[in-house]
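Asks: pasted the sequence and its predicted model underneath.
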Amino acid sequence: MSDHSKTRNDSTPRQRLRRLRRTPALRDAVRDTTIPIDGLIYPLFVGEMEQPIPVASMPGVSQWPVQDAVQTIKDLSRDGLRQFILFGVTPDSKKNATGSYAADPDAPVNRVLQSVRDAGLDVVMHADLCFCEYTDHGHCGVLIDGAECTGGDPSVVDNDRTLANLGQAAAAQASFGADVVAPSGMMDGMVAAIRGALDDAGHQQTAILSYAVKYASNFYGPFRDAGEGGMRFGDRRGYQMDFRRGREWCTELLADLDEGADMVMVKPAAAYLDVIKGVRETCDVPVAAYHVSGEYAMLHAAADRGWLDLKEAALETTYAIRRAGADLIVTYFAPDLIKWL
Ligand code: PBG
């Protein structure tokens with residue numbers, strides 16, 4: 001061994017790993033994870049209220065009247081945000097057993113879609129496609145007859161009857177200008193049913209972002225306040241995935257790809273990085289991850305107590321979701337991220 005290599009070897013253990021961490025420019029130069037603004041999707045809750053209503057459990061997030069939502073989209077798109085996903089907040093008087101208001105031209109989501117399209121903005125509009133915001137019982141589809149009286153068993157949603165309704169609602173959302181419909185109800189066969197209905201209605205160009213891998217999560221709590229889509233009884237464990245099953249995502253993913261999903265979503269995100277990574281490695285369609293309401297709320301809650309730095313913790317979380325393999329990230333931090341990045 002020459003003296004030269006001996007010297008090099010001796011210095012290696014103590015210096016090598018720190019050399020590229022020395023200055024901010026060096027650290028930026030060698031990082032392998034970035035967060036492209038184009039890949040951020042900002043969720044907006046739209047309803048028939050007169051004024052924006054802040055969501056108590058989600059600081060910075062409001063329910064928006066239609067005009068304010070459209071203005072928010074215009075303003076944020078000027079700042080560089082390019083993608084939005086809409087959720088409806090529906091007054092009780094418009095809810096029913098099937099959630100048919102989802103397809104109504106007067107429904108706030110549909111009015112926002114139409115206005116954004118009329119304004120000609122170069123943004124991607126996603127429409128969340130689920131009935132829990134529109135049904136009077138709060139479940140994600142029609143119930144099997146008599147289910148409510150049977151005490152609210154969670155497996156009460158009638159999968160196949162819900163599929164036909166999803167197809168209709170998807171075609172309606174497409175006709176009002178959705179670029180992407182995003183079914184989040186975890187019905188089996190939903191992607192095929194929606195693809196068929198879209199094509200039959202002449203919306204071959206409308207894409208489907210399937211919430212293919214969606215767990216029955218405790219982290220949706222604040223969203224159910226924001227969307228007023230909580231269940232009147234039961235829970236969603238009969239149709240959303242059990243987080244104790246670590247491999248089932250593969251079956252869900254392959255089914256949705258086979259049925260024609262253009263993009264797939266993993267939800268929640270931060271507690272499911274292993275799943276995001278698996279999905280990313282298993283398919284080549286764009287993979288989205290949804291950093292959900294509870295994941296957002298808990299960072300705010302801890303920051304409010306001075307227990308962590310909101311900006312740094314939110315950035316770290318978002319980078320982690322990217323590092324795991326998400327191409328697109330649905331996040332309530334999107335307006336903050338465009339300032340921070
Ligand atoms: C509706 C839907 C939910 C979320 C998105 N779409 C709630 C649920 O499944 O109960 C949650 C989003 C969030 O928590 O931020 N199916």
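Replies: That came in fine, so what should we check first?
Asks: which stretch of helix or strand covers Ala235?
Replies: Careful, residue 235 is Asp; it's not Ala. Following DSSP states H and E, one finds Asp235 outside all helices and strands.
Asks: and for it, the neighbour number?
Replies: Using other Cβ atoms under 10 Å, Asp235 is surrounded by 13 other residues. For every residue, glycine as well, the C-beta is placed using N, CA and C.
Asks: how much space separates it from the ligand?
Replies: Distance, Asp235 to the ligand, by Cβ to the nearest ligand atom, to the nearest Å: 9 Å.
Asks: cool, and Gly47?
Replies: Distance, Gly47 to the ligand, by Cβ to the nearest ligand atom: 15 Å.
Asks: repeat for Phe333
Replies: Distance, Phe333 to the ligand, using Cβ to the nearest ligand atom: 12 Å.
Asks: so does stretch 127-139 get close to the ligand?
Replies: Yes - against the ligand, stretch 127-139 shows contacts by Cβ under 6 Å from any ligand atom at Asp128, Cys130, Cys132.
Asks: these into CSV, with extra columns for neighbour count, secondary structure and pLDDT?
Replies: Conversion of the residues of stretch 127-139 next to the ligand to CSV gives the following (neighbours: other Cβ atoms under 10 Å; DSSP: H, G, I helix; E, B strand; the rest coil; pLDDT from 0 to 100):
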residue, neighbour count, secondary structure, pLDDT
Asp128, 26, strand, 97
Cys130, 28, coil, 94
Cys132, 24, coil, 91
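Asks: tell me who's in contact with the closest residue to Gly196 other than its chain neighbours.
Replies: Leaving aside its sequence neighbours, Gly196 sits nearest to Gly167 (Cβ to Cβ, 6 or more residues apart in numbering; 6.6 Å). Residues in contact with Gly167 (Cβ atoms under 8 Å, 6 or more residues apart in numbering) are Ala193, Ile194, Gly196, Ala197, Leu198.
Asks: and what of Ala172?
Replies: Residues near Ala172 by Cβ under 8 Å, 6+ apart: Ala102, Ala103, Asp104, Pro105, Asn110.
Asks: check Ile321 too.
Replies: Applying Cβ under 8 Å, 6+ apart, the residues contacting Ile321 are Ala269, Ala270, Leu273, Ile276, Ala289, His291, Ile329.
Asks: before we move on, the earlier item: surely the residue nearest to Gly196 is within a helix?
Replies: Yes - assessed with DSSP: H, G, I helix; E, B strand; the rest coil, Gly167 lies in a helix.
Asks: the strands in the protein, which residues?
Replies: 40-47, 53-54, 62-65, 83-88, 124-129, 180-183, 207-214, 263-267, 287-291, 328-331 (DSSP state E).
Asks: who are the packing partners of the fifth one?
Replies: It stands for strand 124-129. strand 40-47, strand 83-88, helix 108-119, helix 159-176, strand 180-183 (3 or more Cβ pairs under 8 Å, 6 or more residues apart in numbering; DSSP states H and E).
Asks: the residue lying closest to Phe243 once chain neighbours are set aside: neighbour count?
Replies: Leaving aside its chain neighbours, Phe243 sits nearest to Tyr215 (4.7 Å; criterion: Cβ to Cβ, 6+ apart). By the measure other Cβ under 10 Å, the count of residues near Tyr215 is 25.
Asks: what does stretch 294-302 rub up against?
Replies: Contacts of stretch 294-302 (Cβ under 8 Å, 6+ apart): 57-61, 217-223, 268-271, 308, 310, 313-314, 317, 331-333.
Asks: need the residues of the protein near the ligand, please.
Replies: Checking the chain against the ligand by Cβ under 6 Å from any ligand atom, the hits are Asp128, Cys130, Cys132, Cys140, Ser184, Gly185, Tyr220, Phe223, Arg224, Arg236, Val292, Ser293.
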